[in-house]
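> A structural model of the following input is requested.
(chains A and B)
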Amino acid sequence: MDILALLPQAGLNGLVIGAMYALMAIGFSLVFGTMRIVNFAHGEFYMIGSFIAFFSYAQWEVPFALTILITVAAVGLAGALMEWVVIRPLRTDELSSMIATLGVSVVLQNSALMFFGASPRPMPDVVSGLVHLGPAVFSASRIFVIVAAALVIGAFWLFMQKSRTGRAMRAVAQDQEAALLQGVDVERIFPFAFGIGVVLAAVAGALMAPVFSVSPFVGATPMLKAFIVVILGGLGSIPGAVLGGLLIGMIESFGATFLGGVVADMLQLAVVIGILLVRPAGLMGRKEA
Amino acid sequence: MKAGLLALGVSALALSSPAYAETLTIGVVAPLSGAGAAWGLAMQGALELAVEDLNAAGGLQVGGESYDIEIVSYDSHYNPNDAVTAVNRLIYEDGAAFIVGPLGSAPLAAVAPMTTDNQIITITAAFTPIAASPEHPYVFRAVLPTEVYAHPQISWVVHELGATRVGALFPNDESGQSMQIDIAAAYEEAGADASAIDFYERGRMDFVPLLTRQIAQGIDTFELDGSPPETAGLLVRQLRELGFEGNIVRTGGDATDAILAVAGDAASDGLYVHMEFDGSLPEVQAYEARFEAAYDDSMNAFSPLFYSLINMVFQAMQAAGTVDDSDAIVAELGNLHDFVGPAGAANWIGEDIWGTTRQQFVPYAIGRVTNGAPEVVAICTVDSCE
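Numbering: from 1, shown residues only, chains lettered A, B, ... in the order given. Below is the predicted model:
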């Protein structure tokens, strides 16, 4: 395989992995931006999304588009409920609420282990087959992930820019007190933001389930990457999360293809450290006053 | 991941027997949640099924005493610190007669000095040489390490499948690095070029960039050994997504069910896998059906191997007439040959490798996956596969 075949192969794969990181990181960043909470259970919502997709699409043969809608509704409600029951009573203490999300993460992962077992479950492709472009070979399933993730990120961006609730969430993220003075019902915004944040993780899980399979432990790596991406992009910055996700995905893909796995991992973190040295608040983060 | 949390006792199973019976505690230290749980649950299940059989036969009778078996399990989380905590509790609080576990080299290295000092027999699946070293005479290993099966199996792959240029990915840690040395040396010795090797961080899910690089280097065979089962499944799936049509081989470690689950039947077709035993034996198929009925989950192949060795310890206790004198029990264990278990006849090997004979050997096999199931294509002895 020559360099002309390796370049598009690496580029497309960087987009796939970057899209997943971006989806994960946007939700993580949204929750931190509006509520100042690091949600350690974020990866478990990715896992829940993958299980919902497995049962809905693979077991009960519900169409995939409807499966995504079911995932959005179920995880959105669960997220709002978690905010109401677990996080709201601890909101005045950021540390306690973070520990609470860690506890929820343990409970969710071990519950999945108890109910579904440790064995991974296969998920059939939504779109199957290989696409050949000269000597380069692409999986149709991965191309589908890129398109679907782009649609989800686009829909989320429109919601945040154009809808009244989206603007209210941005206002709360920028300045909670000012938002209150402008009549924004912050108590209503918090469960909404938390619900949407974890929905994005769950949608990432549902989209990636055919690519990476389904098990109680699938959320751990995307969660770790989301954390790195959010720091790189700027805590609380949605555009930063998208940019950071794609950047990490591309470095991971091109680095591993041309330099090998060990060098790629070092390069990835070296770039993150380098960027943070120049821009301590991240690529698009704001300095705290 | 949640390593900061304390190890939790997961289960305690007391089985009924005559009211006057004494209680004999047996411990389990294994990953019962998180990564590695499939292996840990297989070990725990083997002990539970062995105790169930004992109970059905009237309990454990040793030296004129009848013993009521109590199982105390601790989750090691595949973590040396948690394994040490668990073994401490088993020895000093629970008074365990012997321990099933730990799983993994680092946990065993951490607990072996303690179990040796207290003369506690342990049945492990750790691949470190410590498991068979003369310094720890109470440690027995149920499953074969790479150094036993690598040469016979890889020699078969090179000569029967015609492998010439081999690619492989290993976890970037001590375990992966040492396994890479064994595997690459075995391929080179058999006449193949094993220079297309790379490493990855555990937890990685997307291998397409690394595999693209390997395919660009012209490999005709890909070796899966060294990767955890789920990761091996992802590797198979992603190799096929890149259009790789060469041989894919799993030299060691039971991973076939997980590979099939992750990669799917179509991508796994033609995959050559290591089988811990001859899977066509009716006895092991009956054990597998029993395990799956009991736990409503697929059986990891470690389970029948642990079941055999656990029963060997019970038999050695009966022959020695004691449940306390570990030296007498170990001596009786050494006298057991061709012990009939579900996976086949078990014997001891290892004198020429480690200078000890505490490694259980059951004839293993090479399988070729066809229509979602491995079919035995070669049976292996200590020296060769045919």
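> taking the stretch 151-300 of chain B, what residue is nearest to chain A?
As assessed by Cβ to the nearest Cβ, chain A sits closest to B:P209 within the stretch 151-300 of chain B, at 3.5 Å. Every C-beta, even on glycine, is put in place using the N, C-alpha and C of the backbone.
> I'd like the mean pLDDT over the helix or strand that contains that residue, please.
According to DSSP states H and E, B:P209 maps onto helix B:208-216. What helix B:208-216 shows for mean pLDDT is 92.
> what about B:G58, neighbour count?
If you count neighbours by other Cβ atoms under 10 Å in any protein chain shown, B:G58 ends up with 10.
> show me what the one helix or strand A:A173 maps to is in contact with.
Taking DSSP H and E as the definition, A:A173 sits inside helix A:164-174. By Cβ atoms under 8 Å, 6 or more residues apart in numbering or on different chains, the surrounding residues in contact with helix A:164-174 are A:30, A:33-34, A:159-161, A:178-179, A:182, A:184-186, A:189-190, A:192-193, A:196, A:236.
> which residues in the stretch 101-250 of chain B form helices?
Under the criterion DSSP state H, counting those that start in this stretch, the stretch 101-250 of chain B contains helices at B:105-117, B:146-161, B:174-190, B:208-216, B:229-241.
> picking up where we left off before, so which bits of the helix holding A:A173 are buried?
Residues of helix A:164-174 classed as buried by neighbour count (16 or more other Cβ atoms under 10 Å in any protein chain shown): A:T165, A:G166, A:A168, A:M169, A:R170, A:A171, A:V172, A:A173.
> can you check stretch B:354-365 too?
Buried residues in stretch B:354-365 (16+ other Cβ under 10 Å): B:W354, B:T356, B:T357, B:R358, B:Q359, B:Q360, B:F361, B:V362, B:P363, B:Y364, B:A365.
> what's the end-to-end length of it?
For stretch B:354-365, the first-to-last residue distance is 23 Å (Cα to Cα, to the nearest Å).
> on that earlier part again, take the contacts of helix A:164-174 and keep only those in helices.
A:30, A:33-34, A:159-161, A:178-179, A:186, A:189-190, A:192-193, A:196 (DSSP state H).
> chain B: which of the residues you listed is nearest?
A:L30 (23.1 Å).
> skipping adjacent residues, who's closest to that closest one in space?
A:G197 (4.4 Å; Cβ to Cβ, 6 or more residues apart in numbering or on different chains).
> wait, the one you found touches A:G79, no?
Yes - between A:G197 and A:G79 there is a contact under Cβ atoms under 8 Å: 6.9 Å.
> residues contacting B:Q61?
B:Q61 touches B:Y67, B:Q318, counting by Cβ under 8 Å, 6+ apart.
> gap between it and B:E386?
42 Å (Cβ to Cβ, to the nearest Å).
> how many residues are close by residue 60?
Looking at chain A here, since you left the chain open. Count around A:W60 with other Cβ under 10 Å applied: 10.
> ah, I was thinking of chain B
Neighbours of B:L60 (other Cβ under 10 Å): 23.
> try B:E386
11.
> distance check, the residue of the stretch 151-289 of chain A found nearest chain B against A:V137.
Residue of the stretch 151-289 of chain A nearest chain B, by Cβ to the nearest Cβ: A:A256 (3.5 Å). Per Cβ to Cβ, A:A256 is found 17 Å from A:V137.
> looking at these two, which has the bigger crowd around it?
Shown here are A:A256 and A:V137; by other Cβ under 10 Å, A:A256 has more neighbours (30 against 18).
> among the ones in helices among the contacts of helix A:164-174, which one lies nearest to B:G226?
Proximity of these to B:G226 (Cβ to Cβ) peaks at A:L30, which lies at 38.8 Å.
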